[in-house]
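Visitor: can you look at this prediction? I've put the sequence above it.
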Amino acid sequence: MTLVSIRHEKTADIAAREALLDDTFGAGRAAKTAERLREGRLPADGLSFTAADSGRMVGTVRLWHVAPGCRQPALLLGPLAVAASHRGRGIGAALMRRALSEARRLSHGAVLLVGDAPYYGRFGFSAEKTGALWLPGPYEHQRLLGCELNSGALDGAHGLVSGTGAVAPGPAIAEPRRRAA
């Protein structure tokens, strides 16, 4: 077994990341509600990571700026993906720990995501403080989870979660080309 390395994402990783996300989530991934929050925006500075095995991308995670209702800014995590050939090796967990650690180091207060509570609960995510939040489209409400990096960062959070942050400068970054279906 080779050692998998985790590093900040580079511009040269875009094609490999998109291929990995297509393989992991399929053609319908762009239709997901969480994608509406990322659409046309750049990920948060310093908060995009890749996992590589012998130079091949085998994992990815990104964090994005959002506004959870009327509360202070937060981040949205996703998508988190690991190549099928590398699942069950702790790569997803390592990407999660790196992303959350770096977000905390950069003084972000909270992270939201849409995902499975049994998996993400071990990283501090729960639906405890997201019950009064909603997303701009269909989703399973119990899957909207939050993790406070600073205690109280999601206290009283209510309202529509909206995408914020830097707008992508062009279609090559904002809407990468998809492989033919």
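Guide: Okay, I see it.
Visitor: from now on I want contacts and neighbour counts done on CA atoms only, so please keep to that.
Guide: Fine.
Visitor: centroid-nearest residue for the protein?
Guide: Gly78 (1.7 Å; Cα atoms, centre = their mean).
Visitor: what stretches of this structure score poorly on pLDDT?
Guide: 1-2, 71, 170-181 (pLDDT under 70).
Visitor: if we use 80, what do you get?
Guide: For the chain, the stretches with pLDDT under 80 are 1-2, 27, 30, 70-71, 170-181.
Visitor: so where's the longest helix in it?
Guide: The residue-count maximum for a helix in the chain (DSSP state H) belongs to helix 91-105.
Visitor: other residues contacting the helix or strand following that helix?
Guide: Per DSSP states H and E, the first helix or strand lying C-terminal to helix 91-105 is strand 110-114. Contacts to strand 110-114, defined as Cα atoms under 8 Å, 6 or more residues apart in numbering, come from residues 34, 73-78, 143-150, 153-154.
Visitor: strand partners (parallel or antiparallel) of strand 110-114?
Guide: Strands adjacent to strand 110-114 in the sheet, as given by DSSP bridges, are strand 74-77 (parallel), strand 144-148 (antiparallel).
Visitor: helix or strand next in line after the first one, which one?
Guide: Translated: strand 74-77. Moving toward the C-terminus from strand 74-77, the next helix or strand (DSSP H and E) is strand 81-82.
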